[in-house]
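*Asks:* Sharing a model that was predicted from the sequence below.
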Amino acid sequence: PAPRGGGLAARRVDFGALWRFLRRDGAGLWIGILLLYRAGDAMALTMVNPMLVDQGLSLEQIGLLLGLAGSAAALVGALAGGLLMERLGRNPALVVFGLAQAGVLCLYALPAGGLAPFGAIYALVLASALVGGMGTAALYTHMMDRSDPRTAGTDFTLQQSLCAAGPLVGSAVSGFSAAALGYAAHFALCGGLTLAAAGLVAASLTSRHGAPTRAPLPDAR
């Protein structure tokens, strides 16, 4: 008799599932995308709070902007990203959203260098949260697509861990970067990292392995 709770969900996944994922066509390029796609954004946003303090905003203003308004914009971005992916296509959307994130992060250099109106800071914070939500929705959709249904939990957890590693390192070095380069150059660097991630996605579209695609379905037998 079949074990209780049988089927795919009951099968134990060993480390072989990780190895099979890493051996897939285009896995190296996809891992690079996972590591970089959110790294520049995290590296930039870690220094937004200190920059806002230096720009003279009160803690109440910063909390309202980054907490309430920023979270709401990120939620709207995630919903909009899901809708736009259906229109643009999943692969092109990952490129477009990455380019949008890179552009917004680079624009932070303007108010940081005193080259934009004070109110532009508010618009940039909301815009970065919006496009960040769109990019996250697209990235996580691809992560689910690339998870083999037979080992979906293992595949997704591996990708999520890689996706978190880049932002973790970016956040850790952000203070050193801002201190060495200044806010304006720091944000330009963060935008450059995000642009590089979008470039990797674009490169995957023309590689012989193609862009990130859905994992194969298990045999019905």
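*Replies:* Done, it's in.
*Asks:* and stretch 177-191, what's its mean pLDDT?
*Replies:* When pLDDT is averaged over stretch 177-191, the result is 93.
*Asks:* ok, now stretch 30-39?
*Replies:* The pLDDT scores in stretch 30-39 average 92.
*Asks:* my guess is Ala100 meets Gly132, correct?
*Replies:* No. Applying CB atoms under 8 Å, one finds Ala100 not in contact with Gly132, separated by 9.4 Å. (Each C-beta comes from the backbone N, C-alpha and C, glycine too.)
*Asks:* the more surrounded of the two?
*Replies:* Under the neighbour definition other CB atoms under 10 Å, Ala100 and Gly132 were set side by side, and Gly132 has more, 27 against 20.
*Asks:* Not counting sequence-adjacent ones, nearest residue to that one?
*Replies:* Sequence neighbours aside, Asp41 is the residue nearest to Gly132 in space, at 5.5 Å (criterion: CB to CB, 6 or more residues apart in numbering).
*Asks:* now that neighbour, what's its secondary structure?
*Replies:* When classified by DSSP: H, G, I helix; E, B strand; the rest coil, Asp41 comes out as helix.
*Asks:* Centre of the chain to the strand or helix carrying Leu34, how far?
*Replies:* Leu34 belongs to helix 27-37 when assigned by DSSP states H and E. Put simply, helix 27-37 sits 11 Å off its chain's centre (CA atoms, centre = their mean, to the nearest Å).
*Asks:* quick one: buried residues of that helix?
*Replies:* Buried residues in helix 27-37, defined by neighbour count with 16 or more other CB atoms under 10 Å: 29-37.
*Asks:* Specify which member of these is nearest to Ala93.
*Replies:* Tyr37 (12.5 Å; CB to CB).
*Asks:* Now for the nearest residue to the closest one once chain neighbours are set aside, which secondary structure element holds it?
*Replies:* Excluding the flanking residues, the one nearest Tyr37 by CB to CB, 6+ apart is Ala197, at 4.4 Å. Assigned by DSSP H and E, Ala197 falls within helix 183-206.
*Asks:* Show me what that helix packs onto, helices and strands only.
*Replies:* For helix 183-206, the packing partners by 3 or more CB pairs under 8 Å, 6 or more residues apart in numbering; DSSP states H and E come out as helix 27-37, helix 39-45, helix 90-107, helix 109-112, helix 152-181.
*Asks:* Out of these, which is closest to Val201?
*Replies:* Across these (criterion: CB to CB), the nearest stretch is helix 90-107, sitting at 4.9 Å.
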